[in-house]
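Enquirer: Sharing a model that was predicted from the sequence below.
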Amino acid sequence: MTSPLLSVIIPTLDEAANLPSILADLRAQQGIGLEIIVADGGSRDVTRELAARYGAILVAAPPGRGRQMNAGALAASGGFLLFLHADSRLTDVFMLRNAGAFLEQAEIRAGRRRLAGVWTCASGTARTGPRGRPRPPAQMAATASPASPA
């Protein structure tokens with residue numbers, strides 16, 4: 001079995017009200033191999049049950065967003081990591097496919113070194129940089145930069 005291109009990590013704590021929407025959005029994504037990881041910090045509601053029902057990998061983590069993100073990253077097998085809040089929404093079923101294609105091209109330009117960056121999308125416009133200044137998709141590659149070696 002091949003590794004997914006993208007591991008999506010969602011840190012949660014009592015997110016039962018929000019989780020079904022983002023998990024449904026992720027399951028609807030087309031054209032990309034995804035691994036969905038819910039890193040739970042000790043929810044007392046049905047967050048964990050919902051994650052299991054949607055087929056997500058459930059990782060128990062100590063409370064704290066950073067700890068949960070780290071635990072999710074350790075469990076990930078994808079080539080790229082995407083961290084999402086449970087209240088995020090993906091309105092385009094090809095959004096992650098397009099992001100994955102961009103990341104693969106940025107990685108090639110960077111000489112196959114690790115990349116670091118922050119990207120957000122709104123209404124089809126890619127945004128990055130301070131205060132989310134809009135940049136057209138053609139300029140997104142300029143925002144990806146090689147990360148320092150681990």
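Expert: Arrived safely.

Enquirer: Counting neighbours, what do you get for the nearest residue to Arg65 once chain neighbours are set aside?
Expert: The shortest distance from Arg65 to any non-neighbouring residue, by Cβ to Cβ, 6 or more residues apart in numbering, is to Pro11 (5.1 Å). All C-beta atoms are positioned from the backbone trio N, CA, C, and that covers glycine. Per other Cβ atoms under 10 Å, the neighbour tally for Pro11 reads 26.

Enquirer: so Pro11 sits right up against Gln68, yeah?
Expert: Yes - counting by Cβ atoms under 8 Å, Pro11 does reach Gln68; the two are 3.6 Å apart.

Enquirer: Identify the contacts common to those two.
Expert: Ala39, Asp40, Gly41, Ala61 (Cβ atoms under 8 Å, 6 or more residues apart in numbering).

Enquirer: In this protein, which residue is most central in space?
Expert: Leu82 (2.2 Å; Cα atoms, centre = their mean).

Enquirer: where do the strands sit along this protein?
Expert: Taking DSSP state E, the strands of the chain run over residues 6-12, 34-40, 57-60, 80-83, 115-116, 120-122, 125-127, 145-146.

Enquirer: could you list every residue that touches Ile57?
Expert: Ile57 neighbours (Cβ under 8 Å, 6+ apart): Glu35, Ile36, Ile37, Val38, Ala75.

Enquirer: at 6 Å what do you get?
Expert: Ile37 (Cβ atoms under 6 Å, 6 or more residues apart in numbering).

Enquirer: go on, Gly41?
Expert: With Cβ under 6 Å, 6+ apart, Gly41 has these contacts: Leu13, Ala61, Pro63, Gln68.

Enquirer: Number of residues surrounding the nearest residue to it once chain neighbours are set aside?
Expert: In space, Gly41 comes closest to Pro63 once its chain neighbours are excluded; the distance is 3.9 Å by Cβ to Cβ, 6+ apart. Here the count is done by other Cβ under 10 Å, and Pro63 has 12 residues near it.
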